[in-house]
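K.L.:
can't give you the sequence, but here's the structure:
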Ligand SMILES: Cc1cc2nc3c(=O)[nH]c(=O)nc-3n(C[C@H](O)[C@H](O)[C@H](O)COP(=O)(O)OP(=O)(O)OC[C@H]3O[C@@H](n4cnc5c(N)ncnc54)[C@H](O)[C@@H]3O)c2cc1C
Ligand code: FES
Ligand code: FES
């Protein structure tokens, strides 16, 4: 069964008619030729398909989500940002730059998903979200991102080449220059 | 994937009417469990009724001092809510221990409670599974039973576990689940929402076809402010629980247990409220020995499965260890604060 939807991808608006079974990932890759988001497992288990998604009327690039488990019909009028859309056309996004500097990939297959996930994660940390390894859940202000925090927050992205150590270094370098590390909190109650 | 129609009704009543009238219709929320099952062929609905735009996403204080969480609230938003973090920290911690950042941004409160088991045979159409296809049998009884139930399962029958972390914290806190169905509204206790397999393992919950979860209500519960969630799994993150514990503990000045709440995940077909362990602890000393004995009382009737490729007998001592460690942490925290 077909449905006509509109999707804005990396700033460009598209109208397309999709079978209701089409995922956002398949719409991007097979219908719109945007191949930056990768298909790894197709079942929500690897993170390779991570994109940033803003619903109709939402500001900014939106939240990191898995495009392989998102049905395109359910995201009519959404704005999708892939790793491809993060740079400004000439210069790489600072995270992509850091991935190069810190040897944060080998085959590169998981990289676009890693970068989108890291961009979304830095926004979450800036907004003060705790993680499963945050010792004091009641602390407020931006989260302090040490290596354990970065690893936990990016654990939804698997890298078969195991470039993890470089990935954490790249994200750590970018988070250090962003406002994220500006506020520090004391070690709190252990939970 | 089988073809399906997609509709997005204007309000909850219209969504309920649509699903109630069509035996092949199901609700779609974040899609993180349903879309996976559509792809695997585990689910083959004729119509998806998208409820994401019409369920409340609000987290609001209730008149009695508790919190009401709209069924459309994303797992991320519930986990990071300042009141949840302060008054019900085990709920926040349980959500943060579940899935990944991307999935928590998609998953909803209603969908999380109604996600189906992660038993690998349930998701594998080539394996016999009576939960999926009545009358076929139980592959897990002879197979990979590492993740399976030790409590409340019939001998030789379905040993699937409920995978939600959030549901374990809600069970510990006596949360209530509000439903809207074709015949109106009703409320069920979080501990009564999910069923034990009994003779009909295909039914995970007490919901009738068409019933929609509209919100979850947390009662005012002072002991919940001193709570924790501990999840033991095969890798450090992004994995389901082998055993998990949501617990809250209030220790009096004389060192005895004044109030305690314990629920277990990964051990049964539903989140397992550990009433026996709670009874064993109330009024007694808050010591490791008492914690361990209480956990042992809870698993006194446990039944493990021993198979050539991986049984689950290890869960019985693991429950004792995890309960003890969780309560010890809460008791120590109190001593520090005093
Ligand atoms: C790789 C992976 C790892 C995961 N790890 C964890 C984990 O560690 N811990 C954990 O708890 N979860 C985990 N999850 C599961 C995830 O949390 C659930 O899939 C999610 O919470 C389901 O919510 P949803 O909104 O996406 O539901 P959907 O997939 O949209 O729906 C799930 C079910 O609920 C029904 N439904 C949805 N909303 C309502 C409603 N309001 N009323 C009535 N019926 C409704 C749907 O019809 C469907 O049957 C994991 C998932 C994946 C893919
Ligand atoms: S392709 Fe989406 S998570 Fe693997
Ligand atoms: S760089 Fe190859 S999978 Fe990550």
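P.N.:
Right, received. Where do you want to start? Please read all numbers here as calculations on a predicted model, not as lab measurements. Ligands and ions are numbered 1, 2, ... in the order given.

K.L.:
burial of residue B:102, as a residue count?
P.N.:
By other Cβ atoms under 10 Å in any protein chain shown, the residues close to residue B:102 number 29. Where you see a C-beta, it was placed from the backbone N, CA and C, and this is true even at glycine.

K.L.:
Buried residues of the strand or helix carrying residue B:20, list them for me.
P.N.:
Under DSSP states H and E, the secondary-structure element containing residue B:20 is helix B:12-21. Within helix B:12-21, the residues that qualify as buried by neighbour count (16 or more other Cβ atoms under 10 Å in any protein chain shown) are B:12, B:15-16, B:18-20.

K.L.:
Please report how far residue A:151 lies from residue B:238.
P.N.:
Separation of residue A:151 from residue B:238 (Cβ to Cβ, to the nearest Å) stands at 11 Å.

K.L.:
quick one: which of these two has more around it?
P.N.:
Shown here are residue A:151 and residue B:238; by other Cβ under 10 Å, residue B:238 has more neighbours (22 against 18).

K.L.:
so what's that one up against?
P.N.:
Going by Cβ atoms under 8 Å, 6 or more residues apart in numbering or on different chains, residue B:238 touches A:155-156, B:99-100.

K.L.:
does residue A:53 have beta-bridge partners, and which?
P.N.:
With DSSP bridges applied, residue A:53 shows beta-bridge pairing to residue A:63, residue A:80.

K.L.:
Next, count neighbours for the closest residue to chain A within chain B.
P.N.:
For chain B, the nearest residue to chain A under the criterion Cβ to the nearest Cβ is residue B:100, separated by 2.4 Å. For residue B:100, the number of neighbouring residues by other Cβ under 10 Å comes to 25.

K.L.:
Surely it and residue A:132 touch.
P.N.:
No - shown here, residue B:100 and residue A:132 do not form a contact pair, counting by Cβ atoms under 8 Å, at 10.4 Å.

K.L.:
shared neighbours, those two?
P.N.:
In the contact map built from Cβ under 8 Å, 6+ apart, the residues linked to both residue B:100 and residue A:132 are residue B:237.

K.L.:
what's near enough to touch the closest residue to chain B within chain A?
P.N.:
Among all residues of chain A, residue A:156 sits closest to chain B, at 2.4 Å; criterion: Cβ to the nearest Cβ. Residue A:156 is in contact with A:47, A:50, A:117, B:99-103, B:238, counting by Cβ under 8 Å, 6+ apart.

K.L.:
Which of the contacts of residue B:238 fall within helices?
P.N.:
Assigned to helices by DSSP state H, none of the contacts of residue B:238 qualify.

K.L.:
Residue A:170 falls within a strand, correct?
P.N.:
No - counting by DSSP: H, G, I helix; E, B strand; the rest coil, residue A:170 falls outside a strand, being helix.

K.L.:
what about the helices in chain A?
P.N.:
Ranges of helices in chain A, per DSSP H, are A:24-26, A:94-101, A:111-126, A:147-153, A:164-177.

K.L.:
In a markdown table, list the ones you listed along with distance to ligand 1 and mean pLDDT.
P.N.:
Written out in a markdown table, the entries for the helices of chain A read as follows (distance: least, Cβ to the nearest ligand atom, whole Å; pLDDT from 0 to 100):
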| stretch | distance to ligand 1 | mean pLDDT |
| --- | --- | --- |
| helix A:24-26 | 14 | 98 |
| helix A:94-101 | 24 | 97 |
| helix A:111-126 | 14 | 98 |
| helix A:147-153 | 13 | 98 |
| helix A:164-177 | 18 | 95 |
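
K.L.:
Redo those as CSV? Include distance to ligand 3.
P.N.:
Formatted as CSV, the helices of chain A follow (distance: least, Cβ to the nearest ligand atom, whole Å):
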stretch, distance to ligand 3
helix A:24-26, 17
helix A:94-101, 9
helix A:111-126, 6
helix A:147-153, 15
helix A:164-177, 8
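
K.L.:
Of those helices, which is nearest ligand 2?
P.N.:
When those are compared by Cβ to the nearest ligand atom, helix A:24-26 sits nearest ligand 2, at 6.5 Å.

K.L.:
Could I get the buried residue list for that closest one?
P.N.:
Across helix A:24-26, burial judged by 16+ other Cβ under 10 Å covers A:24-26.

K.L.:
could you dump these to TSV with distance to chain B?
P.N.:
TSV is the format used below for the buried residues of helix A:24-26 (distance: Cβ to the nearest Cβ, whole Å):
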residue	distance to chain B
A:24	10
A:25	11
A:26	11
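
K.L.:
Centroid-nearest residue for chain A?
P.N.:
With distances taken as Cα atoms, centre = their mean, chain A has residue A:117 as the residue nearest its mean C-alpha position (2.2 Å).

K.L.:
what's it in contact with, if anything?
P.N.:
Remark: with contacts taken as Cβ under 8 Å, 6+ apart, residue A:117 is in contact with A:47, A:50, A:64, A:154, A:156-157, B:101-102.

K.L.:
Drop the exposed ones from those and show what's left.
P.N.:
Among those, those scoring as buried are A:47, A:50, A:64, A:154, A:156-157, B:101-102 (criterion: 16+ other Cβ under 10 Å).

K.L.:
Show me which residues of chain A sit near ligand 1.
P.N.:
Residues of chain A found near ligand 1, taking Cβ under 6 Å from any ligand atom as the criterion, are A:44-45.

K.L.:
show me where pLDDT drops low in chain A?
P.N.:
Along chain A, the model assigns pLDDT under 70 to residues A:178-191.

K.L.:
can you give me the strands for chain A?
P.N.:
Per DSSP state E, chain A carries strands over the ranges A:2-9, A:12-19, A:50-54, A:63-66, A:78-81.

K.L.:
Go through those strands and pick out the most buried.
P.N.:
Among the strands of chain A, judged by mean count of other Cβ atoms under 10 Å in any protein chain shown, the one packed with the most neighbours on average is strand A:63-66 (a mean of 29).

K.L.:
Near the residue lying closest to residue A:98 once chain neighbours are set aside, how many other residues are there?
P.N.:
The spatial neighbour of residue A:98 that comes closest, neighbours along the chain excluded (Cβ to Cβ, 6 or more residues apart in numbering or on different chains), is residue A:170 at 3.9 Å. By the measure other Cβ under 10 Å, the count of residues near residue A:170 is 27.
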